[in-house]
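>>> let me see the structure of the following:
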Amino acid sequence: MARPAGRSSATATATATAIAIENARILPVSGPAIARGTVLIRGGRIEAVGANVAIPPGARVIDAAGKTVTPGLIDSGVQTGIVEIPVSADGTDDESTTDARVSAAFTVVDAFNGNSTVIPVTRVDGITRVLVTPSATGNVFLGQGAVMDLSGAQAPAAITRAPAVMLAALGETGAGVAGGSRSTAILRLREILEDARDYALNRAAFNARNRRDYSRSRLDLEALQPLLKRQVPLAVLANRASDLLAAIRLADEFNLRLVLVGAAEGWMVAGELAQAHVPVVVKPLTDIPSFDSLGATLENPARLSRAGVPLALASFDTQNSRNLRQEAGNAIANGMDRDAALAAVTLGPARIWGVADRLGSLEPGKDGDVVIWSGDPFELTTSAETVFIKGVEMPKDTRQRALLERYRARR
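Numbering: from 1, shown residues only. Below is the predicted model:
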């Protein structure tokens, strides 16, 4: 069977030829809906959006009457491009390290595979960028995540922002790798952060071997400097309400930018999260209670959104990231405002991960990540008919489609 190419014209530099998507219902996210408008893309970027956009001569014109146009969707916290076959296949899984001395320095970028078969099946459902993150292992610091495009390009061409975040584990996960207690996980994080702060002040003495030993390697201590300088946020994996508040206290202690990931009981402390301006990344379909999240509910995204918490919706499912819009649809069904849900899979994550200057909304100057939907993007019967990444139309080929075509032709 011919394997669909992960790299094709999708990775080519966008030409100067303009693309005009006209007669569409446009949802810019950053502004009100346009009932019948045009999106003009040129040179890989959005040039104009509106009801009366002049189409330049020679432009490729796409009549999107009856269609809906949105920015490309962004999924946060997946291992797309670094995990091909989870768990069962050695050599296809680069999502974590067991080396505790470089757990903070660990980065997903060098393992990213633009030819991954997971990429095409993800982008055909309108997801154009992902925050690729390490997964939880035997360390409280998990490593550095990066925003990557799904064009099929390799690094560095596929990199949108790296590092975009530093990940750490508290709650049940953190306790499991730090002596069995949530308190120990906090102590470990505090020790490592104190060492990184001391290293920054005494780097010359350390290099001259005139400084005390640190709990982590030089590589880890260097990797933590952008975190201490507030250049990247600390994303903490936690679910229990008390763990979320503990993470806020730790971030305040070290003056860190904080993002909470998981946050199944976030609605219980939504007021505190909103007051602290702490962004939260949640999976809308999380509702099965556990000892780590007894308060899990399908109304979590709606309650957080209504409280004013900066929010991103995520699938947390590398192999099924394409279900992100279904997750958002379920958040709407459970009380979340439709416009807020769209923002939470576009502009919300773009702001959280520091790429809102390029992504997340249909505005002049931003990258041409644009999706033409057959209807309402949050309806299951809707499909992403055309997907552009940086102004280049993506192929519809996937491994699944290739299998379908192979066996449909057989008697």
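
>>> point out where this structure drops to low pLDDT.
Within the chain, the segments meeting pLDDT under 70 span 1-16, 87-90, 410-411.

>>> and the longest helix for it?
helix 182-201 (DSSP state H).

>>> list the buried ones in that helix?
Buried residues in helix 182-201, counting neighbours by 16 or more other Cβ atoms under 10 Å, are found at 182, 185-186, 188-189, 192-193, 195-196, 198-199. To be clear about C-beta, it is placed using only N, CA and C from the backbone, and glycine gets the same treatment.

>>> go on, stretch 19-33?
Buried residues in stretch 19-33 (16+ other Cβ under 10 Å): 19-22, 24-30.

>>> on that earlier part again, run through who's touching the longest helix of the chain.
104, 140-141, 168-172, 174-175, 177-179, 206, 211, 214-216, 218, 220-221, 224-225, 227-228, 243, 246, 250, 253-254 (Cβ atoms under 8 Å, 6 or more residues apart in numbering).

>>> please list only the buried members of those residues.
The neighbour count (16+ other Cβ under 10 Å) marks 104, 140-141, 168-172, 174-175, 177-178, 206, 214, 216, 220-221, 224, 227-228, 243, 246, 250, 254 as buried among the contacts of helix 182-201.

>>> inside helices: which ones of those?
Using DSSP H, the buried ones among the contacts of helix 182-201 in helices are 171-172, 174-175, 177, 206, 220-221, 227-228, 243, 246, 250, 254.

>>> which single one of those residues is nearest to residue 158?
The closest of those to residue 158 turns out to be residue 227 (Cβ to Cβ; 23.4 Å).

>>> got the domain boundaries for the protein?
With domains defined by automatic domain parsing, the chain comprises 1-72+361-411, 73-359.

>>> okay, these, which one's buried deepest?
Ranked by mean neighbour count, those are led by domain 73-359 with a mean of 21 (mean count of other Cβ atoms under 10 Å).

>>> quick one: that domain to chain centroid distance?
9 Å (Cα atoms, centre = their mean, to the nearest Å).

>>> can you give me the end-to-end distance of it?
9 Å (Cα to Cα, to the nearest Å).

>>> try stretch 379-398
By Cα to Cα, the extent of stretch 379-398 from end to end equals 22 Å.

>>> my read: residue 115 touches residue 151, true?
No: counting by Cβ atoms under 8 Å, residue 115 does not reach residue 151; the two are 11.6 Å apart.

>>> mutual contacts of those two, please.
The contact sets of residue 115 and residue 151 do not overlap (Cβ under 8 Å, 6+ apart).

>>> now do the contacts for the nearest residue to residue 132 once chain neighbours are set aside.
Counting by Cβ to Cβ, 6 or more residues apart in numbering, residue 108 is the residue found nearest to residue 132 once chain neighbours are left out, at 4.6 Å. Contact criterion Cβ under 8 Å, 6+ apart gives 79, 81-82, 94-95, 132-134, 143-146 as the residues in contact with residue 108.

>>> returning to what we had before: from the buried residues of stretch 19-33, which ones fall inside strands?
19-22, 24-26 (DSSP state E).

>>> ok, these vs residue 299, which is closest?
For these, the nearest to residue 299 is residue 25 (28.5 Å; Cβ to Cβ).

>>> with adjacent residues omitted, what lies nearest to that closest one?
Nearest to residue 25 is residue 68, by Cβ to Cβ, 6+ apart, at 4.8 Å.

>>> before we move on, what about residue 224?
According to Cβ to Cβ, 6+ apart, the nearest residue to residue 224 is residue 196 (3.9 Å).

>>> picking that back up, which strand residues bridge the residue nearest to residue 25?
Counting by DSSP bridges, residue 68 forms beta bridges with residue 25, residue 373.

>>> next: the one 5 residues further on.
Residues found in beta-bridge contact with residue 73 (criterion: DSSP bridges) are residue 127.

>>> do you know how far it is from residue 266?
21 Å (Cβ to Cβ, to the nearest Å).

>>> can you list contacts of stretch 63-73?
Contacts for stretch 63-73 (Cβ under 8 Å, 6+ apart): 21-29, 39, 126-129, 324-325, 342, 345-347, 359-362, 366, 369-377, 382, 385, 387-389.

>>> once you drop chain neighbours, what's closest to residue 276?
residue 248 (5.5 Å).

>>> again, but for residue 219
Leaving out its chain neighbours, the residue that sits closest to residue 219 by Cβ to Cβ, 6+ apart is residue 105, at 4.0 Å.

>>> same deal with residue 260?
Leaving aside its sequence neighbours, residue 260 sits nearest to residue 280 (Cβ to Cβ, 6+ apart; 4.8 Å).

>>> next one: residue 337
The nearest residue in space to residue 337 (Cβ to Cβ, 6+ apart) is residue 305, at 6.6 Å.

>>> and the residue nearest to residue 154 when sequence neighbours are not counted, how far is that from residue 132?
Sequence neighbours aside, residue 114 is the residue nearest to residue 154 in space, at 4.2 Å (criterion: Cβ to Cβ, 6+ apart). Look at residue 114 and residue 132: by Cβ to Cβ, they are 12 Å apart.

>>> intersection of neighbour lists for those two?
Contacts common to residue 114 and residue 132, judged by Cβ under 8 Å, 6+ apart, are residue 81.

>>> and the helices in the protein?
Under DSSP H, the chain gives helices at 118-123, 171-177, 182-201, 203-207, 218-223, 225-228, 241-254, 270-276, 300-306, 324-333, 338-343, 347-352, 399-408.

>>> of those helices, which approaches residue 54 most closely?
The nearest among the helices of the chain, by Cβ to Cβ, is helix 347-352 at 26.3 Å.

>>> who does that closest one touch, helix- and strand-wise?
Secondary-structure packing of helix 347-352 (3 or more Cβ pairs under 8 Å, 6 or more residues apart in numbering; DSSP states H and E): strand 73-78, strand 311-313.
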